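S.K.: Next one to model:
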Amino acid sequence: MINRAIFSVAYFPPIEYLLFFLQAGEVYIEYQENYIKQTYRNRCVIPTANGLLTLTIPVKKGDLHNCPIHQIQIDYGQPWQRTHWRALEAAYNASPFFIFYRDYLEAFFFQKEIETLLEFNQKLFDIVLKLLGIDKSCCYTKHYVENYQNSALDFRNEIHPKKMAQENYLYRKITPYRQVFSKQFGFIPNLSCIDLLFNEGKYARDYLISTILDAS
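M.R.: Residues are numbered from 1 along each chain as shown. Down below sits the predicted model:
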């Protein structure tokens, strides 16, 4: 059990994010850090018939490196919502549970009322948690701390796409579950949590708990 953990906000975060999220007694989402490019803060990874695909939410340009994450605004001038949803449909239309969950996600996905990346991601993540049957709340950090030392486990930059690409994710042993393109590519670990939801559905929560127990 992890007493306290700090996470970055994430767009359909990877499975290892969920695994550590579930183990933490207190969960904090980083609210004050400056925006960091090329991370799960605005991207997720899903499989396709042609291999892995990164879906990236575009953000409005500016001095991003000196802008707090909670102020980063989504760029709705680009048709990213349609592009992302078509990619999700193509990837998961043949999955066992896509038909059961698509309406919950699609209705939220195409709204443009949410201006900031952080609010969009967190509300979307709340929907995913509800569909997974996970009742767990989190708080936002009130000020930026560079190094938490021993006061909390810091996953803000440990859970990173480059580490996933290098097969250097934190959870080394993730038990295979059914995947749409497993015949072409075999089992691909640590994809977006949406992959687990659409493929395992109501069994996804049990899968996560079993993975945690196996690793302990």
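
S.K.: for residue 194, helix, strand, or coil?
M.R.: Recorded secondary structure, residue 194: helix (DSSP: H, G, I helix; E, B strand; the rest coil).

S.K.: And the lengthiest helix in the chain, what does it pack against?
M.R.: Of all segments of type helix in the chain, defined using DSSP state H, the longest is helix 117-132. Using 3 or more CB pairs under 8 Å, 6 or more residues apart in numbering; DSSP states H and E as the contact test, the elements touching helix 117-132 are helix 98-109, helix 193-200, helix 204-215. Every C-beta, even on glycine, is put in place using the N, C-alpha and C of the backbone.

S.K.: among those, which is nearest residue 59?
M.R.: Proximity of those to residue 59 was assessed by CB to CB; the nearest stretch is helix 98-109, lying at 16.9 Å.

S.K.: State the next helix or strand along the chain beyond the helix or strand of the chain at the bottom of the mean pLDDT ranking.
M.R.: For the chain, scoring each helix and strand by mean pLDDT, DSSP states H and E identifies helix 161-165 as the least confident one, at a mean of 72. Secondary structure here is assigned by DSSP states H and E; on that basis, the next helix or strand after helix 161-165 toward the C-terminus is helix 182-185.

S.K.: helices and strands around that following helix, which ones?
M.R.: Counting contacts by 3+ CB pairs under 8 Å, 6+ apart, there are no secondary-structure elements packed against helix 182-185.

S.K.: Pull that helix out as CSV, backbone CA atoms only.
M.R.: Presented in CSV, the C-alpha positions along helix 182-185 are these (Å, rounded to 0.1, in the frame of the first residue of the first chain):
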residue,chain,number,x,y,z
SER,A,182,-2.9,-9.8,-30.6
LYS,A,183,-2.7,-12.1,-33.6
GLN,A,184,-0.7,-9.5,-35.5
PHE,A,185,1.5,-8.2,-32.7
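
S.K.: any idea how far that helix is from the chain center?
M.R.: In terms of CA atoms, centre = their mean, to the nearest Å, the gap separating the centre of helix 182-185 from the centre of its chain is 23 Å.

S.K.: same check, this time on stretch 10-29
M.R.: 8 Å.

S.K.: same check, this time on stretch 2-11
M.R.: Worked out by CA atoms, centre = their mean, stretch 2-11 lies 11 Å from the chain centre.

S.K.: Cool, thanks, talk later.
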